[in-house]
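Chemist: I'd like to go over a predicted model; first the sequence, then the structure.
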Amino acid sequence: MKIKTLKIISSILIILSFWLGMKLERELAGWDEIGKPSFEKEQLYFPNKKTSLYLKSKNWGLTADHQISVISTKPDFEFQPDSISEYIFHGFGGIIYKAENDTLKIYSTQKPKVPPKFESEIKVEIIEIMDNLEWIKLNDKIKKGYQKFE
């Protein structure tokens, strides 16, 4: 009787160990993704000029200082921000924009420096939003041709 009970307990322990090991392996495999940046990209096409600009973001954490968004002429999905040729926005502020003819109007809570070598036929106009009330009003315009990039 004792040997039979020991065999049953041993079998249960082996099955339980195997199950817990598989569960731990799946959990650890998910940890590989932590710390890797995620990227987003939106292409803004300007038919009158037959060219595009790109709104891109890179996020590698949970706080505002772990996100960068850029306006770029380069279509690369994964990127390193380049202050010489790209407009750079730091943090989670979000961008509301509207493409009109040959101009990209950007509404943001921050005003980036104009990059000295941003080479595009498209004009970029940055409008800095100073308070939350103004930002809320702009969010209402999203239904009227404005778009949001976060």
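Modeler: Thanks, I have it.

Chemist: Which parts of this structure are strands?
Modeler: Along the chain, the segments classed as strands by DSSP state E run 38-46, 51-59, 67-72, 87-90, 95-100, 103-108, 123-128, 147-149.

Chemist: If you average pLDDT over each of those, which is lowest?
Modeler: Sorting those by mean pLDDT places strand 147-149 lowest, at a mean of 75.

Chemist: Enumerate the positions of that one that are buried.
Modeler: The neighbour-count check on strand 147-149 (16 or more other C-beta atoms under 10 Å) flags F149 as buried. Where you see a C-beta, it was placed from the backbone N, CA and C, and this is true even at glycine.

Chemist: for it, packing partners?
Modeler: Where contact means 3 or more C-beta pairs under 8 Å, 6 or more residues apart in numbering; DSSP states H and E, strand 147-149 is packed against strand 95-100.

Chemist: Compute the inter-axis angle for the strand it packs on and strand 123-128.
Modeler: Computed by axes from the mean of the first three to the mean of the last three C-alpha atoms, to 10 degrees, the angle separating strand 95-100 from strand 123-128 equals 140 degrees.

Chemist: what pairs with strand 95-100, and is each one parallel or antiparallel?
Modeler: strand 103-108 (antiparallel), strand 147-149 (antiparallel) (DSSP bridges).

Chemist: who's F149 bridged to?
Modeler: I95.

Chemist: State the distance from it to P75.
Modeler: 16 Å (C-beta to C-beta, to the nearest Å).

Chemist: how far does the longest helix seen in the chain sit from the chain's center?
Modeler: Ranked by number of residues, the top helix in the chain under DSSP state H is helix 2-31. From the chain centre to the centre of helix 2-31 is a distance of 40 Å (C-alpha atoms, centre = their mean, to the nearest Å).
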